[in-house]
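**Q** here is a sequence with its predicted model. Questions after.
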Protein chains: 2
Amino acid sequence: MNYNYDQEDKVLVAVDCIIFGFDGDELKLLLVKRELQPEKGKWSLMGGFLKKEETLDEAANRVLYTLTGLDDVYMEQLYGFSKIDRDPVERTISVAYYALINIDEHNSKQSDKYSAQWFSISDIPQLIFDHGEMLEKALRRLRRRTSTDPVGFELLPKKFTMRQLQTLYEVILDEELDKRNFQKKIKQLDVLVKLNEKDMSSSRKGSFLYEFDKEKYEKKISDGFTFKV
Amino acid sequence: MNYNYDQEDKVLVAVDCIIFGFDGDELKLLLVKRELQPEKGKWSLMGGFLKKEETLDEAANRVLYTLTGLDDVYMEQLYGFSKIDRDPVERTISVAYYALINIDEHNSKQSDKYSAQWFSISDIPQLIFDHGEMLEKALRRLRRRTSTDPVGFELLPKKFTMRQLQTLYEVILDEELDKRNFQKKIKQLDVLVKLNEKDMSSSRKGSFLYEFDKEKYEKKISDGFTFKV
DNA sequence: TCAAAAGTGTTCACCGTACACCCATGG
DNA sequence: CCATGGGTGTACGGTGAACACTTTTGA
């Protein structure tokens, strides 16, 4: 029996980030143009290698921060991808993460050091390696999450209208929802604060703005409440 | 820009298997006694290191096969664990898998080369490293799966009674279920075959045996059916 | 005054849940 | 004949889904 692991193989471990945003109209994905061979010039998820002295979560946050300047963002580990030749350069396994970010907040910080670009989810270019597969999985997970946790709010600005929220759910779930049923359900959740303030940009009448009440939400969760949106 | 990854860190990647079984009465976990320092003699999930030329799934199946002699088993990747000092010997990340096996089939093959032992889920000894955390996560995942996919059948022998099936669900979900409602729900799923055969071991009257009809299940799934048990 | 989006309730079908009694048999 | 587990049906409440009209106001 060995008392160390000297004879074991070591491998490169990457993290790749599936970064979702919402522009009020469509679900978006942030991609970067790959700067090195092979597949140079193709679109890719933003990724990086795990360093010896950091956890996967830290690596994923570092990658996200490097690209967007954002931290304190909703992020969740998705899956470990490990096909032998997934990266033709060298054996690399990749742990994918997906992140939900507020697209406006991001745009105010974005540099295009990495030639990053937002793509509509319905119009994604071909991605390198197994990144397409990662995206698929992230989308499925996001859809599932959406109907058990109010993750949608992560994608919206602080103040938003019911219509924006509904549109967001519609693009995530890829189906149309009934306005009345949607509002009923959301209001039942009782985690929104209706502000005394209207957004006048979308109609003459104007629509009330809401805020997500995170504290109330946390409290409900800790009281054993489970959300089903 | 680099054209290779020479400057990147490589790390040890382990897989650890959370192996569930069911003895007709309780949910069980298969553990091994750790044979090397540190924490020698303590109980541990069965694990192994990812080799250069295999995928994570392959590694997990290899580990499972090595311990149990079983392959073709329900197995699912769970999560990547990566705390810096999770393994005190050396920096190692571990991708956990959980498996559902038929405990009888296993017992007929078991050698105790690895001092493996089944433990009731309600009476698990302290585990090494972060294996306790892995188990927690696996249990949560199993509970969720149980109510969206008929995974339970993986844990039962080919022929089983309704009572066994119900008990299994009860121990997984950790709550009592109503016999009538349970049978109604299960029968609605329409993936069981009632056999012309009774199990006489549990009562004088005897109870009918059922088989899971995997083909029917696959067909339903591919027709877009979603299960909610 | 009209166009365009906001806001709002009711009905119905279905599903989950609670609940109790008879059946068959071996001892 | 009786003790034990097996097997079955109904009633009710809650939830999800369908559905249409009025309000506001800037142009």
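**A** Alright, I've got the coordinates.
**Q** the residue nearest to A:T55 when sequence neighbours are not counted: what's it in contact with?
**A** Residue nearest to A:T55 in three dimensions, not counting chain neighbours: B:S82, with 4.4 Å by Cβ to Cβ, 6 or more residues apart in numbering or on different chains. From N, CA and C alone the C-beta is placed, and that goes for glycine too. Residues near B:S82 by Cβ atoms under 8 Å, 6 or more residues apart in numbering or on different chains: A:50, A:55-57, B:93-94.
**Q** and which of these is nearest to B:K33?
**A** The nearest member of the contacts of B:S82 to B:K33, counting by Cβ to Cβ, is B:S94 at 18.5 Å.
**Q** surely that closest one forms part of a strand?
**A** Yes: counting by DSSP: H, G, I helix; E, B strand; the rest coil, B:S94 falls inside a strand.
**Q** so what's it scoring on pLDDT?
**A** At B:S94, the model reports a pLDDT of 98.
**Q** so what pLDDT did A:S111 get?
**A** Per-residue confidence (pLDDT) for A:S111: 62.
**Q** right, and A:G24 touches A:Q166 too?
**A** No: between A:G24 and A:Q166 no contact is recorded; they are 11.5 Å apart, counting by Cβ atoms under 8 Å.
**Q** near chain B at all, the longest strand seen in chain A?
**A** If you go by DSSP state E, chain A has its longest strand at strand A:10-22. Yes: judged by Cβ under 8 Å from any Cβ of the partner chain, strand A:10-22 comes into contact with chain B at A:10-13.
**Q** one step back: identify the farthest-apart pair in the contacts of B:S82.
**A** Pairwise distances across the contacts of B:S82 (Cβ to Cβ) peak at 14.3 Å, for the pair A:D57 and B:S94.
**Q** the two: which has the busier surroundings?
**A** B:S94 (25 against 17; other Cβ atoms under 10 Å in any protein chain shown).
**Q** how about the more buried one, nearest residue that isn't a chain neighbour?
**A** B:A14 (4.1 Å).
**Q** buried sites along stretch A:192-203?
**A** Across stretch A:192-203, burial judged by 16 or more other Cβ atoms under 10 Å in any protein chain shown covers A:192, A:199.
**Q** quick one: check it for contact with DNA strand C.
**A** Yes: Stretch A:192-203 lies within reach of DNA strand C by Cβ under 7 Å from any atom of the strand, at A:198, A:202-203.
**Q** show me what secondary structure element comes after the worst-scoring helix or strand of chain A on mean pLDDT.
**A** None of the helices or strands of chain A scores lower by mean pLDDT, DSSP states H and E than helix A:103-107, at a mean of 83. Moving toward the C-terminus from helix A:103-107, the next helix or strand (DSSP states H and E) is strand A:117-120.
**Q** returning to what we had before: for the longest strand of chain A, name the packing helices and strands.
**A** Where contact means 3 or more Cβ pairs under 8 Å, 6 or more residues apart in numbering or on different chains; DSSP states H and E, strand A:10-22 is packed against strand A:27-33, strand A:46-49, helix A:56-68, strand A:92-100, helix A:103-107, helix A:131-146, strand B:10-22.
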